[in-house]
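S.K.: Build the 3D model from these lines:
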Amino acid sequence: MGKGQFITQLALEHPEIYYLGMECYGSVLYRALQKLEEQPVENLSLLCYRAEDLEDMFSPGEIDKIYLNFSDPWPKDRHAKRRLTSEGFLNRYAHVLKPDGYIEFKTDNVALFDFSLEQILAHKDFTLEAKTYDLHNDVMLNHGNIMTEYEEKFSGQGNPICKLVAKRNPY
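M.R.: From the prediction side, this is the model:
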């Protein structure tokens, strides 16, 4: 969840929904916690946790939606299994997502986006609902978009932002 700008704004805009932000790097999580001290958000909790261990924390079908924003691209082929959109991670997400739950993924890295599309399209538990290689010029997918710190930085440099939405197939 990075430094927390996205998840905090999302929680503020939807007080009826409870959000849990997960970040595996303590120093990054600390920055988000500092922001929450300045502006507490009652429907948001933050957790220092690794996505590899999702199934240890959540019951099957417990999560409605997973947001993956500007994940580490792990560009070397030998590191593909570490990408948060690899088959292994999609298996974890399928386990903890409700039937008809969603994954929303944003990145400025086209190679990672292409990889992610391939993984989603090949996975039996997910259906690709929408995709764009230029989020900020896509009226439908950009509607209600909340930008992350990275998104502001990369789009400010002229990089188009890619986004996909995948739906968890019913059991």
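S.K.: Okay, and Gly88 sits in which element?
M.R.: helix 87-96 (DSSP states H and E).
S.K.: Give me the buried positions along that helix.
M.R.: Neighbour-count burial for helix 87-96, with 16 or more other Cβ atoms under 10 Å as criterion, is recorded at Phe89, Leu90, Arg92, Tyr93, Ala94, His95, Val96. Placement of C-beta: from N, CA and C, glycine included.
S.K.: Over to stretch 43-57?
M.R.: Leu44, Leu46, Tyr49, Ala51, Leu54.
S.K.: Contacts for that stretch next, please.
M.R.: Applying Cβ atoms under 8 Å, 6 or more residues apart in numbering, the contact partners of stretch 43-57 are 1, 4, 7-8, 11, 14-26, 29, 32-33, 36, 84, 89, 92-93, 95-96.
S.K.: same question, stretch 144-151
M.R.: Residues contacting stretch 144-151 (Cβ under 8 Å, 6+ apart): 2-3, 5-6, 9-10, 13, 69-70, 106, 108, 135-136, 155, 161.
S.K.: if we go to 6 Å?
M.R.: For stretch 144-151, contacts defined as Cβ atoms under 6 Å, 6 or more residues apart in numbering pick out Lys3, Gln5, Phe6, Gln9, Leu10, Asn69, Phe70, Ile161.
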